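A.B. asks: starting from these lines, generate the structure:
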Amino acid sequence: MKKAELVFVPTPGAGHYISAVEFAKRLIHTDDRFSVTILHMRSSLHPHTDPYNTSLLASETHLRIIDLPPVDPPPSHLIHKSVEHYILLYFESFIPHVKDAITHLMSNPDSVPLAGLVLDFFCLPMIDVAKELGLPSYLYLTSGAGFLGLMLYLPTRHSQIGTEFEDSDPDLELRSFVNPVPVRVLPEAVSNKHGGYAAYIKVAQRFREARGIIVNTFSELEPYAVESFADGQTPPVYTVGPVLDLGGQAHSCSDRVDHGKIMGWLDAQPESSVVFLCFGSMGTFDAPQVREIALGLERSGHRFLWALRLLRLDGKLGGSSDGTELSDILPEGFLDRIGERGMICEWAPQMEALSHKSIGGFLSHCGWNSILESIWNSVPVATWPMYAEQQLNAFGLVKELGLAVEMRLDYRQIGGEVVMAEEIDGAIRCVMEHDSMVRKKVKEMGEMSRRAVMDGGSSSKSLGRLIADIMNHPQFPTNTNY
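C.D. replies: Residues are numbered from 1 along each chain as shown. Okay, here's the model as predicted:
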């Protein structure tokens with residue numbers, strides 16, 4: 001039986017790394033001819049992947065992880081000008097190590113033949129390594145098909161205009177969206193004049209060089225966008241989602257001091273009575289915004305689970321579940337008035353919480369993984385995007401798909417704007433309505449998401465087409481058994 005090995009090069013950020021690894025696991029479990037080597041780029045920005053790797057290696061025999069040698073990060077002042085530019089520079093520094101690792105794998109006479117590279121968004125410049133070594137490259141996109149449409153459009157616009165976007169620019173006609181897209185909901189990077197725009201263009205220009213584009217979505221969720229890629233000019237697009245960490249393995253080695261307390265509290269709440277507030281690993285708030293959220297929650301009258309990450313004066317992230325560090329920030333007497341009606345914690349097991357029967361709504365930053373988790377569990381979202389492509393995700397959910405309640409579509413974390421309690425209260429009330437059309441549509445889409453990954457489902461079939469393409473690539477050996 002012919003066997004094949006793929007090399008995955010994911011970005012070490014949790015939202016990218018875990019999704020890529022979960023896809024690697026699905027590929028291995030679907031077809032036992034495959035094995036996967038993950039090249040792990042250690043980053044001071046994302047130090048939490050080591051425990052996950054340890055638990056992963058204990059459970060997956062066809063998967064191995066190679067830790068690449070460390071590199072010096074770019075000058076620290078660059079991250080304040082553009083996070084995207086900083087990240088791209090950082091991971092480009094790993095290119096020599098990536099090449100050395102792959103060359104070593106290929107030179108081992110006992111190794112399974114390499115069938116290709118699977119590269120993350122910010123790792124696309126490593127396509128040059130694959131070309132030099134005669135290997136095909138696939139892009140694994142942890143965002144949705146709507147965002148893919150934007151990235152495919154950017155090089156065309158750049159060749160015509162060549163400058164950053166301005167908020168005053170007219171709405172965009174993107175092939176992956178039915179409705180015109182306001183510039184204000186595009187990723188902040190495309191308007192950034194300090195390297196962000198250049199970084200996005202540099203990555204976008206490599207998309208069409210991939211042999212295939214693997215997207216963590218499913219065709220029933222974004223049918224218009226997916227169909228728009230069948231233009232004869234775009235590499236084959238394989239929709240393989242939802243790819244989720246269903247078992248919670250990513251958090252099995254995290255700080256779970258509050259886990260039992262959180263789940264016990266949820267167990268005691270009535271069905272669909274709790275609104276869950278969680279804003280991702282980078283979603284932080286300053287004191288004025290924390291106070292407004294608290295007032296909004298109190299006014300709404302709903303039970304709540306609030307994963308709160310504070311931005312401390314020293315720039316570090318932190319929080320407290322016992323209220324001692326919050327007492328000076330929350331409205332006076334808030335914790336006493338709320339009592340057992342709410343719980344505040346620094347960390348929450350998001351997937352496990354969303355799957356709990358007591359959760360009735362989700363106030364979210366609209367990261368793509370969070371969107372897929374909410375749909376999988378049929379929990380409606382109220383939109384509060386913060387950074388990256390989250391504004392575009394929120395726009396798609398509300399305006400294109402009707403799968404979310406609009407609170408904000410164009411909020412930016414770096415803007416300093418404070419969303420007031422009245423607006424937060426209104427969004428919570430809307431997302432918690434038991435008989436709303438949004439809730440009904442999310443429930444239907446949740447059922448479709450589960451069918452998509454079953455045998456015969458749309459994503460299962462798409463994965464089969466990807467496997468066939470990998471195994472039938474003309475550069476891949478066809479006459480060797482291992």
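A.B. asks: only C-alpha atoms for contact and neighbour calcs from this point on.
C.D. replies: Noted.
A.B. asks: pull the helix or strand with minimum mean pLDDT from this structure.
C.D. replies: Of the helices and strands making up the chain, the lowest-confidence element is strand 317-318, at a mean of 44, by mean pLDDT, DSSP states H and E.
A.B. asks: what element comes up after that strand heading to the C-terminus?
C.D. replies: Note on strand 317-318: by DSSP states H and E, the next helix or strand toward the C-terminus is helix 334-338.
A.B. asks: my guess is residue 83 contacts residue 196. True?
C.D. replies: Yes. Here residue 83 lies in contact with residue 196, judged by Cα atoms under 8 Å, at a distance of 7.2 Å.
A.B. asks: these two: who's more crowded?
C.D. replies: Each of residue 83 and residue 196 has its neighbours counted (other Cα atoms under 10 Å); residue 196 has more, 24 against 17.
A.B. asks: nearest residue to the more buried one in space, please, no chain neighbours.
C.D. replies: In space, and not counting its chain neighbours, residue 196 is closest to residue 189: 4.5 Å by Cα to Cα, 6 or more residues apart in numbering.
A.B. asks: so residue 37, which of the three states?
C.D. replies: Following DSSP: H, G, I helix; E, B strand; the rest coil, the label given to residue 37 is strand.
A.B. asks: strands along the stretch 51-200 of the chain, start to end?
C.D. replies: Here the stretch 51-200 of the chain has its strands, by DSSP state E, counting those that start in this stretch, at 63-67, 114-119, 137-141.
A.B. asks: present those strands as CSV; the columns should include mean pLDDT, distance to residue 366 and mean neighbour count.
C.D. replies: Shown next, in CSV, are the strands of the stretch 51-200 of the chain (pLDDT from 0 to 100; distance: least, Cα to Cα, whole Å; neighbours: other Cα atoms under 10 Å):
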stretch, mean pLDDT, distance to residue 366, mean neighbour count
strand 63-67, 95, 30, 15
strand 114-119, 97, 23, 25
strand 137-141, 98, 16, 26
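A.B. asks: how about the helices in the stretch 101-250 of the chain?
C.D. replies: Counting by DSSP state H, counting those that start in this stretch, one finds helices in the stretch 101-250 of the chain at the ranges 127-132, 145-160, 196-204, 223-228.
A.B. asks: out of these, which one sits most buried?
C.D. replies: Highest mean neighbour count among the helices of the stretch 101-250 of the chain (mean count of other Cα atoms under 10 Å): helix 196-204, with a mean of 21.
A.B. asks: for that one, name the packing helices and strands.
C.D. replies: Under the contact criterion of 3 or more Cα pairs under 8 Å, 6 or more residues apart in numbering; DSSP states H and E, helix 196-204 touches helix 83-92, helix 145-160.
A.B. asks: let me see the mean pLDDT of it.
C.D. replies: What helix 196-204 shows for mean pLDDT is 98.
A.B. asks: do stretch 32-41 as well
C.D. replies: Stretch 32-41 shows a mean pLDDT of 96.
A.B. asks: and stretch 269-278, by the same measure?
C.D. replies: For stretch 269-278, mean pLDDT is 97.
A.B. asks: now it, how far from the centre of its chain.
C.D. replies: Stretch 269-278 sits 23 Å away from the centroid of its parent chain (Cα atoms, centre = their mean, to the nearest Å).
A.B. asks: about what we covered before: residue 394: which of the helices of the stretch 101-250 of the chain is closest?
C.D. replies: Residue 394 sits nearest to helix 145-160 of all these, at 10.8 Å, using Cα to Cα.
A.B. asks: about what we covered before: dump the helices of the stretch 101-250 of the chain into JSON lines; add distance to residue 431 as well.
C.D. replies: Listed next are the helices of the stretch 101-250 of the chain as JSON lines, based on distance: least, Cα to Cα, whole Å:
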{"stretch": "helix 127-132", "distance to residue 431": "43"}
{"stretch": "helix 145-160", "distance to residue 431": "23"}
{"stretch": "helix 196-204", "distance to residue 431": "34"}
{"stretch": "helix 223-228", "distance to residue 431": "25"}
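A.B. asks: between these, which gets nearest to residue 342?
C.D. replies: helix 145-160 (35.2 Å).
A.B. asks: number of nearby residues for residue 97?
C.D. replies: Neighbours of residue 97 (other Cα under 10 Å): 17.
A.B. asks: for it, which non-adjacent residue is closest in space?
C.D. replies: Spatial nearest neighbour of residue 97, excluding adjacent residues (Cα to Cα, 6+ apart): residue 68 at 6.4 Å.
A.B. asks: which one of the helices and strands packed on helix 196-204 lies closest to residue 29?
C.D. replies: helix 145-160 (24.7 Å).
A.B. asks: got the angle between that closest one and strand 137-141?
C.D. replies: Interaxial angle, helix 145-160 versus strand 137-141 (axes from the mean of the first three to the mean of the last three Cα atoms, to 10 degrees): 120 degrees.
A.B. asks: which other helices and strands does helix 145-160 contact?
C.D. replies: Other elements packing on helix 145-160 under the criterion 3+ Cα pairs under 8 Å, 6+ apart are helix 196-204, helix 223-228, helix 390-395.
A.B. asks: just send those helices back as JSON lines, with distance to residue 290 too.
C.D. replies: As requested, the helices and strands packed on helix 145-160 are exported to JSON lines (distance: least, Cα to Cα, whole Å):
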{"stretch": "helix 196-204", "distance to residue 290": "29"}
{"stretch": "helix 223-228", "distance to residue 290": "36"}
{"stretch": "helix 390-395", "distance to residue 290": "20"}
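A.B. asks: which one of the ones you listed lies closest to residue 180?
C.D. replies: In terms of Cα to Cα, the element of the helices and strands packed on helix 145-160 nearest to residue 180 is helix 390-395, at 10.5 Å.
A.B. asks: tell me which residues of that closest one are tucked away?
C.D. replies: By neighbour count on 16 or more other Cα atoms under 10 Å, the buried set for helix 390-395 is 390-395.
A.B. asks: closest to residue 214 out of the helices of the stretch 101-250 of the chain?
C.D. replies: Nearest of these (Cα to Cα): helix 145-160, 9.9 Å.
A.B. asks: quick one: mean pLDDT for that closest one?
C.D. replies: Helix 145-160 comes out at a mean pLDDT of 98.
A.B. asks: what's that helix in contact with?
C.D. replies: For helix 145-160, the external contacting residues (Cα atoms under 8 Å, 6 or more residues apart in numbering) are 141, 174-177, 201, 204-205, 207-208, 215, 217, 222, 225-226, 229, 389, 392-393, 396.
A.B. asks: can you do 6 Å?
C.D. replies: Helix 145-160 has contacts (Cα atoms under 6 Å, 6 or more residues apart in numbering) with 176, 204-205, 225.
A.B. asks: of the residues you listed, closest to residue 448?
C.D. replies: Closest approach to residue 448 among the contacts of helix 145-160 (Cα to Cα): residue 225, at 17.0 Å.
A.B. asks: how close does the nearest residue to that closest one once chain neighbours are set aside get to residue 144?
C.D. replies: Nearest non-adjacent residue to residue 225, counting by Cα to Cα, 6+ apart: residue 176, 3.9 Å away. With distances taken as Cα to Cα, to the nearest Å, residue 176 is found 10 Å from residue 144.
A.B. asks: which one's more surrounded, those two?
C.D. replies: residue 144 (26 against 23).
A.B. asks: for the more buried one, what are its contacts?
C.D. replies: residue 217.
A.B. asks: cool, and residue 270?
C.D. replies: Contacts for residue 270 (Cα under 6 Å, 6+ apart) come out as residue 358.
A.B. asks: ok, it to residue 358 distance?
C.D. replies: In this view, residue 270 and residue 358 are 6 Å apart by Cα to Cα.
A.B. asks: what about the stretch 1-150 of the chain, any weak spots by pLDDT?
C.D. replies: Applying pLDDT under 70 to the stretch 1-150 of the chain flags the ranges 1, 44-58.
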